[in-house]
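J.: compute the structure for the input listed below.
(one chain, ligands or ions: 1)
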Amino acid sequence: MSQYDFDLFVIGAGSGGVRTARMAAGLGARVAVCEDRYMGGTCVNVGCVPKKLYSYAAHYGHDFDDAAGFGWQVESVRFDWSTLRDNKKAEIARLNGIYRNMLGQAGVSLIDGRGRVVGPHEVEVAGQRYRAERILLATGGWPFIPEVTGKELAITSNEVFDLETLPQAMVIVGGGYIAVEFASIFAGLGVETHLCYRGSLFLRGFDDEIRAFVAEEMTKKGVKLHFNTEVKALAGEPGALQVSLSSGETLQVQQVLYATGRKPNVQGLGIEALGVVLDQQGAVVVNDSFQTSVPSIYALGDVINRVQLTPVALAEGTFLAHHLFGEGRPQPDYQYIPTAVFTHPNIATVGLTEAQAIEQGHQVAVYRSSFRALKHTLSGSEERTLMKMLVDQTTDKVLGIHMVGAEAGEIIQGMAVALKAGATKAVFDATIGIHPTAAEEFVTMRTPVR
Ligand SMILES: Cc1cc2nc3c(=O)[nH]c(=O)nc-3n(C[C@H](O)[C@H](O)[C@H](O)COP(=O)(O)OP(=O)(O)OC[C@H]3O[C@@H](n4cnc5c(N)ncnc54)[C@H](O)[C@@H]3O)c2cc1C
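T.: Numbering: from 1, shown residues only. Alright, predicted model coming up:
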């Protein structure tokens, strides 16, 4: 008889925790998961899924305008926020149920409540102690609002999906992908949307040309961009807020959304007392096998703050389950992780930016194409598409691909496979295009612009 109740005790039923628990149980381990908020974690409840649903909703706004040029007469269009919000709620409740069943069917014991690590092999949930040979911290991240007067009047991405009413005007603070996505969503839903960012251009880390291009496109779609602007103070009362900016301007809005980053969610977990080492950002430090400084305790996903994306947490979970209970797997590969930003139009990217490629010493040939998509010749929309490919002139290897345009994420996912396979520009050139598409542009770029 084992001295432990479980082989693995997972804290947090988000992307990484659920994947690890299911896989480990499938490999024969006795697994428990505790969760204190919502099955499926951030992605399902207040992240990727509701965000993409709201982004679809916002696209309809533009689509009604675009339809006129194709002969559709759409009269008296009206948007009802509560329908969207409540349909979203129902869909997420359905997903919560699926996650719960999936874990149950895999033989995982599900424990509702907040977990606290009380020993290298012991977790306490709702007054009950469980002994486990190994513990996995998969507690994700939590939105962070910097110190500012009136910060209690602001909301975060945790609250924004379930607002009682749609604001007429709102301020979004931040320059990361979550901030710009919400700016596109709310502008598309008809809200007067101000994006305030203290830097000179948002989306740091993305290709500079892409960043500038998206700023122009978002402006065309009505988002009011305030760069080099700090929020000095929030005042007023919920629903009637005054936002004082460093420019001297004061904006009158109904909501202020702070999307200024997320911190690893380790508060109250009890791990520091056990000697689990955290880095300066508060992220749990792990080795290549996701083991913390306490050998029986592991961590993965957003709480280790490597790459905060669901597919990365899933890859880490798959690796760890096989590493601990299976025959082993190669470590997750963090190179060529494709990613999309669901702005309007979408951004998607894989590989190096132009600046990174140059910094790494590549002789870079830059292929670039910017055009008005065929659809918009009739729609009358001024939206433009940008495609960019970076090639190493010595090896002919494609180093990076970047796109701003409709369904960019769908297109770049395929490109990521090519880059992962080490495709050269010659391979792209030898590939026949699909006509008429925007994506065919990637196989017909003949002359570098620099
Ligand atoms: C607005 C937004 C949009 C996003 N969009 C995308 C996107 O488009 N694509 C993408 O790939 N990623 C996106 N992400 C990121 C993605 O959601 C995360 O990378 C992913 O959810 C990380 O998974 P995780 O398992 O590490 O943590 P999480 O999914 O956050 O799960 C952690 C879970 O642990 C629970 N928990 C925490 N502490 C305890 C405790 N002590 N006891 C019990 N339970 C606990 C939490 O309640 C939560 O359910 C988005 C995030 C946000 C906020």
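
J.: pLDDT score for the residue sitting nearest the centre point of the chain?
T.: Centroid-nearest residue in the chain: Leu309, 5.4 Å away (criterion: Cα atoms, centre = their mean). Predicted confidence (pLDDT) for Leu309: 98.

J.: now the residue nearest to it when sequence neighbours are not counted, what are its backbone angles?
T.: In space, and not counting its chain neighbours, Leu309 is closest to Thr339: 6.5 Å by Cβ to Cβ, 6 or more residues apart in numbering. Every C-beta, even on glycine, is put in place using the N, C-alpha and C of the backbone. For Thr339, the backbone dihedrals (degrees, to the nearest 10) come out as phi -150, psi 150.

J.: if we can go back for a sec, how much space between the residue nearest to the centre of the chain and Val253?
T.: 30 Å (Cβ to Cβ, to the nearest Å).

J.: could you do Thr156 as well?
T.: Using Cβ to Cβ, Thr156 is found at 16 Å from Val253.

J.: equivalent analysis for Val180, please.
T.: Separation of Val180 from Val253 (Cβ to Cβ): 18 Å.

J.: check Ser2 too.
T.: 58 Å.

J.: so between the two, which is more surrounded?
T.: Val253 (23 against 9; other Cβ atoms under 10 Å).

J.: excluding chain neighbours, what is closest to the more buried one?
T.: Of all residues not flanking Val253 in the chain, Ala169 sits nearest, at 4.3 Å (Cβ to Cβ, 6+ apart).

J.: what's the neighbour count on that neighbour?
T.: 17.

J.: repeat that for the one 4 residues further on.
T.: One way to gauge burial is a neighbour count; for Val173, by other Cβ under 10 Å, it gives 25.

J.: in the protein, which spans are helices?
T.: Using DSSP state H, the helices of the chain run over 15-26, 41-46, 48-67, 81-105, 157-160, 177-188, 208-220, 310-325, 354-359, 375-379, 408-420, 425-430.

J.: and the residue nearest to Leu309, what does it touch?
T.: For Thr339, the contact set (Cβ atoms under 8 Å, 6 or more residues apart in numbering) comprises Leu309, Ala348, Thr349, Val350.

J.: need the residues of the stretch 201-350 of the chain near the ligand, please.
T.: Within the stretch 201-350 of the chain, the positions near the ligand by Cβ under 6 Å from any ligand atom are Asn265, Leu269, Gly301, Asp302, Val303, Gln308, Leu309, Thr310, Pro311, Ala313.

J.: how about 5 Å then?
T.: Taking Cβ under 5 Å from any ligand atom as the measure of proximity, the stretch 201-350 of the chain contacts the ligand at Asn265, Gly301, Asp302, Gln308, Leu309, Thr310, Ala313.

J.: of those residues, which is the nearest to Phe213?
T.: Top of the list for closeness to Phe213, among those and by Cβ to Cβ, is Leu309 at 22.6 Å.

J.: just checking, the closest one touches Tyr334?
T.: No: Leu309 is not in contact with Tyr334 according to Cβ atoms under 8 Å; the separation is 10.5 Å.

J.: anything in contact with each of the two?
T.: Contacts common to Leu309 and Tyr334, judged by Cβ under 8 Å, 6+ apart, are absent.

J.: got the contact list for the residue nearest to Val253?
T.: Val191, Glu192, Thr193, His194, Leu251, Gln252, Val253, Gln254.

J.: quick one on the thing from earlier: so which of the contacts of Thr339 belong to strands?
T.: Of those, the ones assigned to strands by DSSP state E are Ala348, Thr349, Val350.

J.: once you drop chain neighbours, what's closest to the last one?
T.: Read it as Val350. Pro338 is the one closest to Val350 (Cβ to Cβ, 6+ apart), at 3.9 Å.

J.: what is the neighbour count of the one you found?
T.: Pro338: 20 neighbours (other Cβ under 10 Å).

J.: how about Ser55?
T.: 18.

J.: now Phe371, nearest residue through space, not along the chain?
T.: Thr385 (5.8 Å).

J.: the stretch 51-200 of the chain against the ligand: which residues are in contact?
T.: Lys51, Arg114, Gly115, Ala138, Thr139, Gly140, Ser157, Ile178.

J.: same list (these) but as a markdown table, adding distance to Gly26, neighbour count and pLDDT.
T.: Shown next, in a markdown table, are those (distance: Cβ to Cβ, whole Å; neighbours: other Cβ atoms under 10 Å; pLDDT from 0 to 100):
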| residue | distance to Gly26 | neighbour count | pLDDT |
| --- | --- | --- | --- |
| Lys51 | 30 | 20 | 98 |
| Arg114 | 26 | 15 | 97 |
| Gly115 | 22 | 26 | 98 |
| Ala138 | 17 | 32 | 98 |
| Thr139 | 23 | 29 | 98 |
| Gly140 | 23 | 23 | 98 |
| Ser157 | 32 | 21 | 98 |
| Ile178 | 33 | 23 | 98 |
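
J.: if we can go back for a sec, ok, so of the residues of the stretch 201-350 of the chain next to the ligand, who is nearest Val231?
T.: Distances from Val231 to those, taken by Cβ to Cβ, are shortest for Gln308, at 23.6 Å.

J.: for that closest one, what are its contacts?
T.: Gln308 neighbours (Cβ under 8 Å, 6+ apart): Gly141, Arg262, Asp302.
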